[in-house]
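Chemist: Got a sequence here, can you model it:
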Amino acid sequence: MTSRKAATYGFKRTSALLQTSIRRASESRGFAQSRLLTHWAEVVGEDIAAIARPVEVSYARQGMGATLTLLTTGAQAPMLEMQKEKLRERVNAVYGYNAITRIRITQTAPVGFAEGQVDFSHRPKVAPAPAVPPETLEAATSLAAPVTDDGLRAALERLARNVLTKSQH
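Modeler: Residues are numbered from 1 along each chain as shown. From the prediction side, this is the model:
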């Protein structure tokens, strides 16, 4: 019987490379489970994730239970206060035991800190598409013109436009 070797050819997954850095950064703020930060919307649900962010987990001196501090706007704090027990159950499900015994809510102004804003939305910010010169659009369209399938032609036009735009820079 021969043992099977992994066919990674010397490459590692990105998650394996970043795992220790993420864990170290999370633990510095008290998060023993980095999943609580990285998958916040999945843990507490979209409705709560839209109005609150985890800030830190602090442990009592005797080590009996921890306090999760959440950041929210002043207007949303009462709504969050009413859902504390449901939140605590969902967060403890991530830990696998009753790690969080208390949830503390910290309020911030709706406009955010100093010059930046606190953004509670979980949608990735989409950068506006750069302006594409008309010559590039024409070239991309002419390259994909012979293709009869509409979806494939549109995809090929986008690909050609991206390639031609990158080569111009």
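
Chemist: drop to CA atoms for contacts and neighbour counts, all remaining ones
Modeler: OK.

Chemist: domains in this structure, as residue ranges please.
Modeler: What automatic domain parsing lists as the domains of the chain is 14-108, 134-168.

Chemist: Just the buried residues of the shortest one, please?
Modeler: By that I understand domain 134-168. Within domain 134-168, the residues that count as buried by 16 or more other C-alpha atoms under 10 Å are 136-137, 140-141, 144, 153-154, 156-158, 160-161, 164-165.

Chemist: still on that earlier bit, and the domains of the chain, which one's lowest on average pLDDT?
Modeler: Least confidently modelled of these is domain 14-108, at a mean of 77 by mean pLDDT.

Chemist: Check which helices and strands the longest helix belonging to the chain sits against.
Modeler: In the chain, assigned by DSSP state H, the helix with the most residues is helix 150-168. Other helices and strands packing on helix 150-168, by 3 or more C-alpha pairs under 8 Å, 6 or more residues apart in numbering; DSSP states H and E, are helix 134-144.

Chemist: what residues does the helix it packs on touch?
Modeler: Applying C-alpha atoms under 8 Å, 6 or more residues apart in numbering, the external contacts of helix 134-144 come out as 153, 154, 156, 157, 158, 160, 161, 164, 165.

Chemist: and it, C-alpha only, in PDB?
Modeler: As requested, C-alpha coordinates have been extracted for helix 134-144 and formatted as PDB (Å, rounded to 0.1, in the frame of the first residue of the first chain):
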ATOM      1  CA  PRO A 134     -14.600  54.200 -28.000                       C
ATOM      2  CA  GLU A 135     -11.800  52.600 -30.000                       C
ATOM      3  CA  THR A 136     -11.400  49.800 -27.400                       C
ATOM      4  CA  LEU A 137     -15.200  49.200 -27.400                       C
ATOM      5  CA  GLU A 138     -15.200  48.900 -31.200                       C
ATOM      6  CA  ALA A 139     -12.300  46.500 -31.200                       C
ATOM      7  CA  ALA A 140     -13.900  44.300 -28.500                       C
ATOM      8  CA  THR A 141     -17.200  44.300 -30.400                       C
ATOM      9  CA  SER A 142     -15.500  43.400 -33.700                       C
ATOM     10  CA  LEU A 143     -13.500  40.600 -32.100                       C
ATOM     11  CA  ALA A 144     -16.600  38.900 -30.600                       C
END
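
Chemist: got the angle between that helix and helix 150-168?
Modeler: 140 degrees (axes from the mean of the first three to the mean of the last three C-alpha atoms, to 10 degrees).
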